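Asks: Output the structure for:
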Amino acid sequence: MNKGKTIFSQIMSLIPERDFKSCVDRDKGNYRARNFSCKDQFPVMSYAQLTGRDSLRDIENCLTALSSKLYHCGISYAVPRNTLAKANEKRDWHIYKDFADVLLKKVRPLYAKDKFRLDLDNMVYAFDSSTISLCLKLCPWAKFRKNKGGIKMHTLVDLRGNLPVSVYLTSASVNDVKALDNLYIEPSAIYLMDRGYVDFNRLFKLITKKNAFFVTRAKDNMLFEVVSEAEVDKSTGIISDERIKLTGLHTAKWYPEELRMVTYEDYATNKVYRFLTNNMEYEPLTISELYRERWNVELYFK
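Replies: Next comes the predicted model:
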């Protein structure tokens, strides 16, 4: 029988207790707490997340079933669901938001020098949203549709290490493009987004004007004219590499500069994609491969 630390206990031992205590004290997390402090709540909720518990009753049953082993996991006792529900409801969520920021600041430098698959010096980020369904009776403030509740989690992921850089929560009815207004844009960084974020006014003002780059997909109804076309190696799947100008009544004003459109055929699925970018330097195949990296944010959500 293994008498050493459990894997969960080893993970929890990496938590910087001093930083955690600072976050708790800042928001008075332990105010009027008697037997269930924030230090008790954090490992319980972490255990629930890592083991895939999907309800308070499920957490309670799991802890009760393992009650003889909880001490070795660093959990004091099998917490009743009512106690856990009260703590989750009453305690300020900023405690864990601030602590998440602390952990990310410690972890990101560890991956900063990792090689990116495409061997680029630029920082590369993927931005997307995921809708989280909620019970409308329990969360009437999260009304999405007539009989459905939910929120959207807008997440920016650093693809060197697949770590979240920022997370914004909005009601599920908020359009994805509005989340771009909350991003801090780094000069020379590359932002990968699906075509749900194609808002040429925002792309120009928030990204291009700040000397950053984006790669996204063109919408089918986009109005444009071809300014010039470069030669391409069609054996790589690249069909065309064009410089275009928008000709739509509003889009021509919103994005007055030239854009680059790379058309690529995926031989595995026989699908044709049109990628839009403001980067005029990279090889067309690099542009298409960059967009392929965007799928890492989908894996993060899963």
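
Asks: List the buried residues of the helix or strand hosting residue 106.
Replies: Taking DSSP states H and E as the definition, residue 106 sits inside helix 94-111. Across helix 94-111, burial judged by 16 or more other Cβ atoms under 10 Å covers 95, 96, 98, 99. In this view, the C-beta of every residue, glycine as well, is placed from N, C-alpha and C.

Asks: swap in stretch 27-36?
Replies: Buried, per 16+ other Cβ under 10 Å, within stretch 27-36: 27, 29, 30, 33, 36.

Asks: what's the lowest-pLDDT member of those residues?
Replies: Looking at the buried residues of stretch 27-36 by pLDDT, the weakest one is residue 33, with 84.

Asks: Can you name the residues that contact it?
Replies: residue 87 (Cβ atoms under 8 Å, 6 or more residues apart in numbering).

Asks: Now do it against residue 97, distance only.
Replies: Note on residue 33: its distance to residue 97, by Cβ to Cβ, to the nearest Å, is 19 Å.

Asks: go on, residue 19?
Replies: Residue 19 is 13 Å from residue 97, by Cβ to Cβ.

Asks: and what of residue 123?
Replies: Here residue 123 is placed at a distance of 23 Å from residue 97 (Cβ to Cβ).

Asks: next one: residue 46
Replies: To residue 97, residue 46 is 15 Å away according to Cβ to Cβ.

Asks: Then residue 85?
Replies: Distance from residue 85 to residue 97, by Cβ to Cβ: 20 Å.

Asks: Likewise for residue 38?
Replies: As judged by Cβ to Cβ, residue 38 and residue 97 stand 13 Å apart.

Asks: contacting residues around the closest residue to residue 57 other than its chain neighbours?
Replies: Leaving aside its chain neighbours, residue 57 sits nearest to residue 81 (5.7 Å; criterion: Cβ to Cβ, 6 or more residues apart in numbering). Residues near residue 81 by Cβ under 8 Å, 6+ apart: 56, 57, 59, 60.

Asks: where's the closest residue to residue 180 other than its chain neighbours, which helix or strand?
Replies: Nearest non-adjacent residue to residue 180, counting by Cβ to Cβ, 6+ apart: residue 202, 4.9 Å away. If you go by DSSP H and E, residue 202 is part of helix 200-202.
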